[in-house]
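K.L.:
Show me how the following folds:
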Amino acid sequence: DLVEDRSKAGVASRTLSVTVDKEKIAGWQRDLGRFLQIFNTELNVLTHVKLEEIIAMFEQFRLQAETKTTAQGTLPPGKPSLFVGRDDLVHEVSGLLAQSRHVALLGTGGIGKSCLAKAVLNEPDIVAKFGSQRYFIRYDDMDASQVSYDVFLDRIGGTLGLALGVADRLSTISTRLASAPSLMILDNAETFLDAAQDKTRIADAVDSLGALASTVILLTTRSRALPSNILWNIIAVPALEPVAAREAFTAVYHKPVEKTDVIDSLLQSLDCHPLSINLLAHAARENDWSLTELLDTWNKQQIDLLHNGDGKSQSLIVTLELSLSSLSLRKLGDSVLQVLQIIAFLPQGVDRRELSGLFPSLAGVSTIVDATCKQSITYRSGDFMTMLAPVRLYISYALSIATVL
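P.N.:
Residues are numbered from 1 along each chain as shown. Sure, this is the predicted structure:
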């Protein structure tokens with residue numbers, strides 16, 4: 001009986017399934033009929049539309065499919081926790097940006113350009129003016145050989161929360177920036193300003209974005225070769241004042257500094273260079289050195305104390321090698337290091353008017369000196385070309401390595 005009941009149930013189930021299938025098929029047939037009716041109507045209409053209009057319509061659909069907005073781009077960074085002695089600069093830069101004036105922060109590696117930009121980004125007046133349209137776009141994790149036009153735009157698009165399509169990429173970014181007052185900080189701009197490929201095209205893109213009435217650009221860069229169709233307000237970021245340098249050191253050192261004249265002398269021997277101060281303070285704290293021990297170690301192994309890792313924020317060597325490895329300097333050959341050696345050896349640097357006498361066998365010495373200045377390795381002091389003490393220290397180190405090799 002049980003088998004017979006199950007058999008009847010199976011037959012009933014199959015009968016019901018066939019009935020359902022027939023109803024589904026009939027429904028599909030009705031839907032297909034309605035679709036064909038609609039399609040024929042649409043086809044009759046479209047036959048009267050110009051071919052160019054049909055192509056334009058499909059192009060619009062394609063772009064809408066290719067370009068989409070993510071829920072959120074990269075959030076802007078906060079103000080650096082260790083940030084001293086820059087209040088006047090923050091006020092100056094913020095005032096220029098609030099007036100919709102483009103700004104370029106120039107300076108050697110480790111001078112504090114990125115920290116200054118992050119502090120400006122979080123100023124109340126800047127937050128009030130630009131709100132969520134404040135973008136901090138980093139290029140510090142790549143070198144010039146890795147940058148192309150597409151890479152440049154992809155980094156901007158990613159920070160803005162845009163997934164860029166194949167076509168009209170710059171237009172998509174421009175549309176977002178034009179939607180409200182926008183501040184775009186391009187950090188470590190020397191990376192793309194000295195790009196191995198698409199250099200002119202990238203500069204044109206920066207010019208195009210800077211031309212938007214809604215958009216203000218702040219560059220941090222070591223390179224003085226800026227996009228030429230923007231009126232830049234150029235601010236050379238200086239070293240810290242002695243009092244601020246001591247404050248920066250003691251904030252990291254975490255010990256009372258009783259002999260302020262001793263530490264002031266040491267920091268001024270570094271020309272109050274922010275990265276060098278930070279690295280020196282970290283070395284002293286990590287080794288639990290007294291000031292006497294720090295001074296003794298500094299006198300014996302200076303360059304070692306300014307190298308505490310592989311990143312440019314942990315090593316003076318890394319950050320300055322980035323400058324020396326720029327494409328504009330590499331194409332000048334080994335003569336660059338020879339010229340820098342002489343500048344580093346002379347306390348005042350070299351008199352530009354005496355370059356031909358100092359380097360009689362080097363026909364392009366003026367070009368080399370100008371190139372090092374453009375990369376913020378050297379700087380003008382009256383008629384002289386000189387460099388900051390940490391750069392001088394590094395050049396001596398680099399020369400000793402080159403001599404050994």
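
K.L.:
Going by C-alpha atoms from here, please, whenever you check contacts or count neighbours.
P.N.:
Noted.

K.L.:
Endpoints of stretch 364-381, how far apart?
P.N.:
From the first residue to the last, stretch 364-381 extends over 21 Å; the measure is CA to CA, to the nearest Å.

K.L.:
Excluding chain neighbours, what is closest to L240?
P.N.:
Leaving aside its chain neighbours, L240 sits nearest to C272 (5.4 Å; criterion: CA to CA, 6 or more residues apart in numbering).

K.L.:
Sorry, slip of the keys, the one I care about is V127.
P.N.:
With CA to CA, 6+ apart as the criterion, V127 has its nearest non-adjacent residue at 7.2 Å, and that residue is L121.

K.L.:
which element is the residue nearest to L240 on?
P.N.:
Counting by DSSP states H and E, C272 is held by no secondary-structure element, helix or strand.

K.L.:
Touching, it and E241? I think so.
P.N.:
Yes - counting by CA atoms under 8 Å, a contact exists between C272 and E241, whose distance comes to 6.9 Å.

K.L.:
So between these two, which is more surrounded?
P.N.:
When C272 and E241 are compared for neighbours, C272 comes out ahead with 27 against 16, by other CA atoms under 10 Å.

K.L.:
Helix or strand next in line after the helix or strand bottoming out on mean pLDDT in the chain, which one?
P.N.:
When each helix and strand of the chain is scored by mean pLDDT, DSSP states H and E, strand 68-69 comes last, with a mean of 40. Counting by DSSP H and E, the element after strand 68-69 in chain order, helix or strand, is helix 87-98.

K.L.:
Quick check: buried residues in that following helix?
P.N.:
Within helix 87-98, the residues that count as buried by 16 or more other CA atoms under 10 Å are 90, 93-94, 97-98.

K.L.:
got it, and stretch 231-239?
P.N.:
Of all the residues in stretch 231-239, those buried under the rule 16+ other CA under 10 Å are 232, 236-239.

K.L.:
Could you do stretch 195-211 as well?
P.N.:
By neighbour count, with 16+ other CA under 10 Å as the criterion, the buried positions of stretch 195-211 are 195-196, 198-199, 202-203, 205-207, 209-210.

K.L.:
and what of stretch 238-255?
P.N.:
Within stretch 238-255, the residues that qualify as buried are 238-242, 244-250, 252-253, counting by 16+ other CA under 10 Å.

K.L.:
ok so, going back, tell me the two of the buried residues of stretch 195-211 that are most distant?
P.N.:
Comparing all pairs in those by CA to CA, the longest separation belongs to A196 and G210, at 22.5 Å.

K.L.:
For R380, see how far away the closest residue to L332 other than its chain neighbours is.
P.N.:
Leaving aside its chain neighbours, L332 sits nearest to I368 (7.0 Å; criterion: CA to CA, 6+ apart). Distance from I368 to R380, counting by CA to CA: 14 Å.

K.L.:
One more: I303?
P.N.:
Here the distance between I303 and R380 works out to 25 Å (CA to CA).

K.L.:
Which one's more surrounded, the two?
P.N.:
I303 (18 against 15).

K.L.:
for the more buried one, what are its contacts?
P.N.:
Contacts for I303 were tallied using CA atoms under 8 Å, 6 or more residues apart in numbering; they are 393-394, 397.

K.L.:
what does V147 give?
P.N.:
So, once contact is read as CA under 8 Å, 6+ apart, V147 ends up touching 191-192, 195-197.

K.L.:
Please identify which helix or strand holds S114.
P.N.:
Assigned by DSSP H and E, S114 falls within helix 113-121.

K.L.:
Give me the mean pLDDT for that helix.
P.N.:
Helix 113-121 shows a mean pLDDT of 97.

K.L.:
which residues touch stretch 362-381?
P.N.:
By CA under 8 Å, 6+ apart, the list of residues contacting stretch 362-381 from outside reads 106-109, 222-225, 323, 328-329, 332, 335-336, 339, 352, 355-356, 359, 385-388, 391.

K.L.:
try it again with 6 Å
P.N.:
Taking CA atoms under 6 Å, 6 or more residues apart in numbering as the criterion, the residues outside stretch 362-381 that touch it are 107-108, 222-224, 385-387.

K.L.:
cool, and stretch 150-158?
P.N.:
In this structure, no residues lie in contact with stretch 150-158 by CA under 6 Å, 6+ apart.

K.L.:
cool, stretch 272-291 as well?
P.N.:
When contacts are taken as CA under 6 Å, 6+ apart, the neighbours of stretch 272-291 outside the stretch itself are 110-111, 239-240, 245, 249, 252-253, 306.

K.L.:
any chance you could map the strands in the stretch 1-150 of the chain?
P.N.:
For the stretch 1-150 of the chain, the strands defined by DSSP state E, counting those that start in this stretch occupy 68-69, 103-106, 134-138.

K.L.:
ok, how many other residues are close to the residue nearest to A251 when sequence neighbours are not counted?
P.N.:
Nearest non-adjacent residue to A251, counting by CA to CA, 6+ apart: L82, 7.7 Å away. Counted by other CA under 10 Å, the residues lying close to L82 total 11.

K.L.:
Thank you kindly, that will do.
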